[in-house]
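*Asks:* build the 3D model from these lines:
(one chain, ligands or ions: 1)
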Amino acid sequence: MLGRMLEVTNTLTRSRARLTAPAGRPLALYSCGPTVYRYAHIGNLRTFLLADLVRRVLAHDGVEVNAVQNITDVGHLADDRLDHGQDKMLLSAGLEGRSTEEIAEFYTAAYLADAARLNLLPYDAHPRATEHVGAMLQLIARLEAKGHAYDTPDAVYFDVRTFPAYGRLSGNRLSELRPGAGSGSPHKRFHGDFALWRKAGGRRDAAWDSPWGRGFPGWHIECSAMSLALLGDHVDVHLGGVDLAFPHHESEIAQSEAAVGHRVVDVWVHGEHLLSDGRKMSKSAGNFVDLRTLADRGADPLAFRLLCLQARYRAQFNFTLDALLGAERTLRRLRARTAELAAASGPAAPASSPCDLPEALTAGLGTRFSGALHDDLDTPAALRVVHEVAAGEGDAAGLDAARRAALLRRWDAVLGLDLARDAAGGGALPAGASQLLERRDRARAERDWPAADRLRTALARMGVAVVDGPDGTTWTAR
Ligand SMILES: [Zn+2]
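*Replies:* Reported below is the predicted structural model:
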């Protein structure tokens, strides 16, 4: 039975949860955003693509969504358990000889450019932490008044032992939480307590006055304050990378629920790591890759989007340049097929509204495509349906070009791969050329150079010029 509604895995309950349209209001979605002291690495971008996919599937289902993604522009430490850790914003500002505001502006703009290149849907709001410090102070005051927070010389801490459910999301138990390396501010009542407000000490940049003295917010309080401010005290789905479940999201639950007195977030969805060289990506590990690096090598950013769709969100996968180039070849092939099919459909290309696709065949394919996505975002299965339609094989055998082109365009609203790009930009491939390009890609992969040369000549006769570069093959059609 294929689901008619999106089901995802809820980390909180360790079971499937349905994301459906709430009565009388849009579905409230919060996605933890970038910390803007450096470029986002492609592991971060994988998480942002997950949130985008959820939004696109919901839109495909006709569910109206109010989507918020924060921008962390103050105070996120390398490891919140290291209370003496340095503020990365300040660290970057010092290294680059710029103010924290300049650093934040620069990397916020860089993130938004990355988001546009990856076809991430624009958010309804992108709150910046520095613009919501007032709301954070109010929230901390509320927590202190209810006995959940205490003031010390180095910070205002959340007293986790006043919130017995602390640890439910991540499966940690308070009794088993061990002191981490350097977790010991002598002022904490319990080593698992976390900072809501840190005292500025000698710091002048990025600090605010507060009832507890001059200082700056802890990272976790930012997301509680901004989600409560922008989405209210009921959030239907909250997304983030798996490494945020603890302590960030665990602490967010404690803060928000202790303040308002009830459950705030229904469904927590966590995306797995993208590995590089078999390890989690980080600057210190030296395996840090950002979208700029890939673009400099001539890679299409949307090939990275496709690469992410080729794996399920709850599975880790290892990023390699070869895999990216493979995804790029596949993307080029899909675009070429879409262009060919559109050209074969005649000048009156079919509209992409569902009523133009009445046949059982297209309905069956549509059900398979949606059903795969509804099944905890089984994107590899959804892509198999896409490839069948592109190739006119399997369930799509016998389906005419116009209907296949219409299906691909409709599904592209969910995939976000710009499949119609070649058709729209002119220079569409002549009929049959994409198969020759595929065969030539295969020949090159098998190092069959004579065959590759023959296919190049054949393509040239069709008016398709092929250029082999260090990162793959590109073509232009006359
Ligand atoms: Zn967050």
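
*Asks:* helix or strand: which one has Asp468?
*Replies:* strand 464-469 (DSSP states H and E).

*Asks:* could I get the CA-only coordinates of the following helix or strand past that strand as PDB?
*Replies:* Using DSSP H and E, the next helix or strand after strand 464-469 towards the C-terminus is strand 472-477. Once non-C-alpha atoms are left out, strand 472-477 reads as follows in PDB (Å, rounded to 0.1, in the frame of the first residue of the first chain):
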ATOM      1  CA  GLY A 472      34.000  15.100 -17.600                       C
ATOM      2  CA  THR A 473      32.400  15.800 -20.900                       C
ATOM      3  CA  THR A 474      30.400  18.700 -22.000                       C
ATOM      4  CA  TRP A 475      28.500  19.200 -25.300                       C
ATOM      5  CA  THR A 476      27.000  21.900 -27.400                       C
ATOM      6  CA  ALA A 477      24.400  21.400 -30.000                       C
END
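
*Asks:* what residues are up against the one residue in the stretch 151-300 of the chain that gets nearest to the ion?
*Replies:* Going by Cβ to the ion, the ion is nearest to Cys223 of the stretch 151-300 of the chain, at 3.3 Å. For every residue, glycine as well, the C-beta is placed using N, CA and C. Neighbour list for Cys223: Tyr30, Cys32, Asn70, His248, Glu252 [criterion: Cβ atoms under 8 Å, 6 or more residues apart in numbering].

*Asks:* quick one: secondary structure of it?
*Replies:* Of the three states, Cys223 takes helix according to DSSP: H, G, I helix; E, B strand; the rest coil.

*Asks:* check the gap between the residue of the stretch 351-478 of the chain found nearest the ion and Val57 for me.
*Replies:* Relative to the ion, the nearest point of the stretch 351-478 of the chain is Leu377 (20.8 Å; Cβ to the ion). Separation of Leu377 from Val57 (Cβ to Cβ, to the nearest Å) stands at 7 Å.

*Asks:* cool, and Leu228?
*Replies:* In terms of Cβ to Cβ, Leu228 sits 26 Å off from Val57.

*Asks:* with Asp400 instead?
*Replies:* Distance from Asp400 to Val57, by Cβ to Cβ: 27 Å.

*Asks:* between the two, who's got more neighbours?
*Replies:* Val57 (21 against 15; other Cβ atoms under 10 Å).

*Asks:* whatever helix or strand the more buried one lives in and the ion, are they touching?
*Replies:* For Val57, the host element (DSSP H and E) is helix 42-60. No - Helix 42-60 stays clear of the ion (Cβ under 5 Å from the ion), getting no nearer than 11.0 Å.

*Asks:* so for that helix, mean pLDDT?
*Replies:* Throughout helix 42-60, pLDDT has a mean value of 97.

*Asks:* can you point out the buried residues in that helix?
*Replies:* 42-58, 60 (16 or more other Cβ atoms under 10 Å).

*Asks:* how about stretch 300-318?
*Replies:* Quick answer for stretch 300-318 (16+ other Cβ under 10 Å): 300-309, 311-314, 317.

*Asks:* over to stretch 7-14?
*Replies:* Applying 16+ other Cβ under 10 Å to stretch 7-14 flags Glu7, Val8, Thr9, Asn10, Thr11, Leu12 as buried.

*Asks:* would you agree the third one falls within a strand?
*Replies:* Yes - secondary structure assignment (three-state DSSP) places Thr9 inside a strand.

*Asks:* how close does it sit to Gly271?
*Replies:* 11 Å.

*Asks:* between the two, which contacts overlap?
*Replies:* With Cβ under 8 Å, 6+ apart as the test, Thr9 and Gly271 both reach Arg314.

*Asks:* pull up the residues of this protein that are close to the ion.
*Replies:* Within the chain, the residues that sit near the ion (Cβ under 5 Å from the ion) are Cys32, Cys223.

*Asks:* can you give me the domain assignment for the chain?
*Replies:* Split into domains by automatic domain parsing, the chain comes to 18-271, 429-478.

*Asks:* mind putting those in TSV, distance to Arg279 included?
*Replies:* Conversion of the domains of the chain to TSV gives the following (distance: least, Cβ to Cβ, whole Å):
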stretch	distance to Arg279
domain 18-271	10
domain 429-478	24
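
*Asks:* got any residues that touch both of Leu377 and Val57?
*Replies:* Leu6.

*Asks:* one step back: on the three-state scheme, the nearest residue to the residue of the stretch 351-478 of the chain closest to the ion once chain neighbours are set aside is what?
*Replies:* Nearest residue to Leu377, sequence neighbours excluded (Cβ to Cβ, 6 or more residues apart in numbering): Tyr313, at 5.6 Å. Recorded secondary structure, Tyr313: coil (three-state DSSP).

*Asks:* re the thing from before, how far away from the center of its chain is the strand holding Asp468?
*Replies:* Averaging C-alpha positions (Cα atoms, centre = their mean, to the nearest Å) puts strand 464-469 33 Å from its chain's average.

*Asks:* just give the nearest non-adjacent residue to Arg98, would you?
*Replies:* Phe106 is the one closest to Arg98 (Cβ to Cβ, 6+ apart), at 7.6 Å.

*Asks:* now, the contacts of Cys223 that are in helices?
*Replies:* Glu252 (DSSP state H).

*Asks:* quick check: ChimeraX command selecting the buried ones in the contacts of Cys223.
*Replies:* Buried subset of those, written as a ChimeraX selection, criterion 16+ other Cβ under 10 Å:
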select :30,32,70,248,252
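
*Asks:* next SSE after the lowest-mean-pLDDT helix or strand in the chain?
*Replies:* The weakest-scoring helix or strand in the chain, judged by mean pLDDT, DSSP states H and E, is helix 421-424 (a mean of 64). Next helix or strand after helix 421-424 toward the C-terminus (DSSP H and E): helix 433-445.

*Asks:* got the contact list for that next one?
*Replies:* By Cβ under 8 Å, 6+ apart, the list of residues contacting helix 433-445 reads 329, 332-333, 336-337, 340, 429, 449, 451-452, 455-456, 458-459, 462, 464, 466, 468, 473, 475, 477.

*Asks:* buried stuff in that helix?
*Replies:* By 16+ other Cβ under 10 Å, the buried positions in helix 433-445 come out as Ala433, Ser434, Gln435, Leu436, Leu437, Glu438, Arg439, Arg440, Asp441, Ala443, Arg444.

*Asks:* low-confidence regions, the stretch 301-450 of the chain specifically.
*Replies:* Where the stretch 301-450 of the chain drops to pLDDT under 70, the residues are 346-359, 423-432.

*Asks:* rerun at 80
*Replies:* 346-360, 422-436 (pLDDT under 80).

*Asks:* which part of it gets nearest to the ion, residue-wise?
*Replies:* For the stretch 301-450 of the chain, Cβ to the ion, closest residue to the ion: Tyr313, 17.6 Å.
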